[in-house]
Structure formats: structure tokens, C-alpha cells
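Asks: What follows is a predicted protein model with its sequence.
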Amino acid sequence: MATTIIIPSKGTAACINQLALALDLFRDVSIHCIFLQIRPMPDNLNDMMTLGRDSSKFGFFDQAFYDGVEEMKALYPKRLTVSAEYFYGDSSTVFRNYVDHKAADLVLYDKQEWFDSKRSMGVNVFKMVSRCGCELMYISGGHAQLERTGKTPEPATAPVPAQAPANAPAGVLYQYNALDSKLNALQNAIDSNRVVSRRVSNLSRYFLNENVMEKMLLKAECSLLLLKS
């Protein structure tokens, strides 16, 4: 049975390099790759009402993407199948349902491709993928930009549990522990009834953990991090 990988993309050839990396990391495993083009949600009501009529699949992918897909399929005819779909906005709930529907095993997130997406496209892709419910391969830099030579250098990897990253690189552990101690103090205040709103405090803990995780990953010493759900 093939391993299903979802690669969020802007529709450029950079996502082909991410696929090449996945094929190198998961050798001797059949892979079905879904290139998921992330499109901004229209701010015009008329455009939003016609989204369901948009039948284009590869409409915003460039020619280099087409060429790269054909090249990869020719290199791995027995291991690789490819499809392309699109996704509007950055709803974490909708994306999680999408991942469940596709029975995805892994989502790839390339920091360099999505670093400025919140400002330039109005979508927060990291927030969306970090709540997907399956394993997330975080690419902090370097490998996704390599030329496809057939020989990818052995990456530095480390398992990082998404909720308690005790195995994070040493350079980011201090930041996590400092925040975690503050959140624990807040939780103790909640338990002793010194904080009235349990709901707001618990939500604050959830989102603060997510935000600090993104900041930590930006400073990570590893080039690849496998985030366990």
C-alpha cells in the first residue's frame, strides 16, 4: 500500500524538489503524492459564490512544475503516483478533514516557500498544517532548494513531538522550557481557582505553544524535523 504524502504548494517547481527529498528519505516505499495548491480565499462575495464552478486543477501551476512531474514519474515509474488539487484559504479544520479524507500519512512543510505567506497571500500555512493530525515533515532550509541530481545528502533529522518537543535541538530547548514553565504556572493558577476563565486560559496555552513552536523551528539547528502528532 502506498504512503500518501501531501505537499502544499504555490504552484512552482520548488515543490518538485520537496518530492525528490521525500522519495530519498522514504526509499523502497511506494508514494502517492498530492500537490495541494494553496489559493487565497477571495474577498469578493461574487468570486466566493463561484468557487465551486472552478474546474481548473493545474491552472496556476507553471510549466516547470509540469516538466518536473513528468521527470519524476519517469525516474520512479513503479514507486510514484501523482495528483494535484487545490485548497482555498487556511482553515485548520477544513484541512484536517481533507487530510483524514485522503488518509494522508505525512504532510511536508517548507519554511522557505511559506515564510512570507501570511503577509503576501493572507494565509497562515504553518498554523494550518501544524493542526493536521498526522505527521509533519518540517523543512527548515537547504534540502528543498537542491538540484535534483539523484543523490541527496543525508539530512540531519530529529523526532519532535508536536505537543511536548523534548527532543528539539539544543539551541531551542531553553526557549520552549521557559515558555512551558510560564504556562505551567498559569495552569496551577487555574487549578487553584486564581484564574476565573478556564476556557480562555486553556486556549491561550494551546495557541502560545503553537506560536512558540514556530519560532523555535525557525531557529532550529536541524535541516529537517519530523513532528509527531
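Replies: Structure received.

Asks: Can you verify T81 is assigned to a strand?
Replies: Yes: counting by DSSP: H, G, I helix; E, B strand; the rest coil, T81 is found in a strand.

Asks: who's it bridged to?
Replies: H32 (DSSP bridges).

Asks: Check it and give its pLDDT.
Replies: On the pLDDT scale, T81 is placed at 95.

Asks: That one - how many residues pack around it?
Replies: T81 is flanked by 15 other residues according to other C-beta atoms under 10 Å. Glycine gets a C-beta too; all of them are placed from N, C-alpha and C.

Asks: pretty sure it is touching L19, no?
Replies: No: T81 is not in contact with L19 according to C-beta atoms under 8 Å; the separation is 11.4 Å.

Asks: can you list residues touching both of those two?
Replies: With contacts defined as C-beta atoms under 8 Å, 6 or more residues apart in numbering, the residues adjacent to both T81 and L19 are C33.

Asks: By mean pLDDT, flag the weakest helix or strand of this protein.
Replies: When the helices and strands of the chain are scored by mean pLDDT, DSSP states H and E, strand 159-161 comes last with a mean of 44.

Asks: Show me what E85 is bridged to.
Replies: Here E85 sits in beta bridges with L36, going by DSSP bridges.

Asks: Enumerate every residue touching it.
Replies: E85 is in contact with 34-37, 57, counting by C-beta under 8 Å, 6+ apart.

Asks: Equivalent analysis for K102, please.
Replies: By C-beta under 8 Å, 6+ apart, the contact list for K102 reads 4, 6, 34.

Asks: State the distance from G133 to A2.
Replies: G133 sits 19 Å away from A2, taking C-beta to C-beta, to the nearest Å as the criterion.

Asks: try A14
Replies: Using C-beta to C-beta, we find A14 at a distance of 23 Å from A2.

Asks: neighbour-wise, which of the two wins?
Replies: Higher neighbour count among A14 and A2: A14, with 18 against 13, using other C-beta under 10 Å.

Asks: now Y76, nearest residue through space, not along the chain?
Replies: Nearest residue to Y76, sequence neighbours excluded (C-beta to C-beta, 6 or more residues apart in numbering): L23, at 6.2 Å.

Asks: so the one you found sits right up against K73, yeah?
Replies: No: taking contacts as C-beta under 8 Å, L23 lies outside contact range of K73: 11.2 Å.

Asks: Of the two, which one has the most company?
Replies: Neighbours per residue (other C-beta under 10 Å) separate L23 from K73, with L23 holding more: 20 against 14.

Asks: so where does the more buried one fall, helix or strand?
Replies: In this structure, L23 sits in helix 14-25 according to DSSP states H and E.

Asks: Just list what that helix packs against, helices and strands only.
Replies: With contacts defined as 3 or more C-beta pairs under 8 Å, 6 or more residues apart in numbering; DSSP states H and E, helix 14-25 has these neighbours: strand 3-9, strand 31-39, helix 63-75, strand 106-110, helix 111-114, strand 135-139.

Asks: Would you reformat these as a markdown table and include distance to F95?
Replies: Below are these laid out as a markdown table (distance: least, C-beta to C-beta, whole Å):
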| stretch | distance to F95 |
| --- | --- |
| strand 3-9 | 9 |
| strand 31-39 | 9 |
| helix 63-75 | 21 |
| strand 106-110 | 9 |
| helix 111-114 | 13 |
| strand 135-139 | 12 |
